[in-house]
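Trainee: Any chance you could fold what I've pasted below:
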Amino acid sequence: GGNVRIPIMYDTVDGFSKSLCAAKLNNHWGYVDGQNNVVIPFIYNRAAHFSEDGLARVCRMNLWGFVDKSGNEVIPPQYNYAASFSDGLAKVTRNSMDFFINASGDIVLTSKYDYIGSFSEGYAVVKTNFKWGFIDKDGNEVVSLQFDYACDFWNGYARVMQNNKWGFIRRNDFQLLGVV
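Mentor: Predicted coordinates for the structure are as follows:
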C-alpha cells in the first residue's frame, strides 16, 4: 500500500476531475490519467479542472476555450477570459464584453450589467451602479438591484448586505431573511 502512482515530476498539478488531472510540465499544461498516461498533450498556457458537463477550460496563446476528456477543442480558444461551466453555462469575455455560452459554444445571454457572476443554482449575481441583485438564465431580473453586496446562491440561500448588515435571500421564493 501507499505506492506513488503518478511520479513527482510536474511543475504543479490540479486535482482530479472526471478521472483526469491538469498538470504543468516545462511551463505547459496538459492532462494525465491515474496511471500517468498523457491524455491531452502539454500544449496549453493554462488549464483548469473539468466541470460537471465534462468540459475543461484551457488557454492557448492567451485565448481561452474548452476541451472534452479526449482533448477535442469543443469550443476553440477565442475568448480573452472564460470561467468554468456552472449550471450549464460559462461566462466568457471577448473585447471587454461579458456573455454566457452553452456547451456547444452558442451565445445564450449577453450582459448589460457592470458585473455579472457565474450561474449558481439557476441564478447569477449582477451589479450596476454599486447595487446588486440576481438574474435568471433568461436574463430576467428576479431580485432587483437593491443590495450593497450579494453573493452566489449556495445550498438554497444567497448572502446579501444592506446598510452594513447581512442577511439571506431564500432561492425558492426570494424571501429576504434577516435583512431589515
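Trainee: low-scoring stretches of this protein, by residue?
Mentor: Residues of the chain meeting the criterion pLDDT under 70: 1-7, 179-180.
Trainee: in which helix or strand would I find A158?
Mentor: strand 157-162 (DSSP states H and E).
Trainee: Contacts for that strand, please.
Mentor: 123, 125, 132, 134, 146-152, 166-171, 176-177, 179 (CB atoms under 8 Å, 6 or more residues apart in numbering). (C-beta placed from N, C-alpha, C; glycine too.)
Trainee: Tell me the helix or strand right after that strand.
Mentor: In N-to-C order, the element after strand 157-162 by DSSP H and E is strand 165-170.
Trainee: Convert that following strand to CSV, retaining C-alpha atoms only.
Mentor: Extracted in CSV, the C-alpha atoms of strand 165-170 (Å, rounded to 0.1, in the frame of the first residue of the first chain):
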residue,chain,number,x,y,z
LYS,A,165,-25.9,44.4,7.8
TRP,A,166,-26.0,40.9,6.4
GLY,A,167,-29.0,38.6,5.7
PHE,A,168,-30.1,35.9,3.3
ILE,A,169,-32.4,35.5,0.3
ARG,A,170,-34.1,32.1,0.0
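Trainee: measure the nearest residue to S96 once chain neighbours are set aside to V108 for me?
Mentor: Closest residue in space to S96, ignoring its immediate chain neighbours: N80 at 7.8 Å, by CB to CB, 6 or more residues apart in numbering. Distance from N80 to V108, counting by CB to CB, to the nearest Å: 19 Å.
Trainee: where does the residue nearest the centre of the chain land in three-state SS?
Mentor: The centroid of the chain falls nearest to S84 when counting by CA atoms, centre = their mean (2.9 Å). Three-state assignment for S84 (DSSP: H, G, I helix; E, B strand; the rest coil): coil.
Trainee: What about the nearest residue in space to it that is not next to it in sequence, how many residues nearby?
Mentor: Closest residue to S84 apart from its sequence neighbours, by CB to CB, 6+ apart: S51 at 4.5 Å. Look at S51: counted by other CB atoms under 10 Å, it has 20 neighbours.
Trainee: got a list of what S51 touches?
Mentor: Counted by CB under 8 Å, 6+ apart, S51 has contacts S17, S84, F85, S86.
Trainee: any idea how far it is from S86?
Mentor: 7 Å.
Trainee: Now do the residue nearest to S96 against W64, distance only.
Mentor: Separation of N80 from W64 (CB to CB): 7 Å.
Trainee: The two - which one has more neighbours?
Mentor: Taking neighbours as other CB under 10 Å, N80 and W64 compare with W64 leading, 25 against 14.
Trainee: Kind regards, and thank you for your time.
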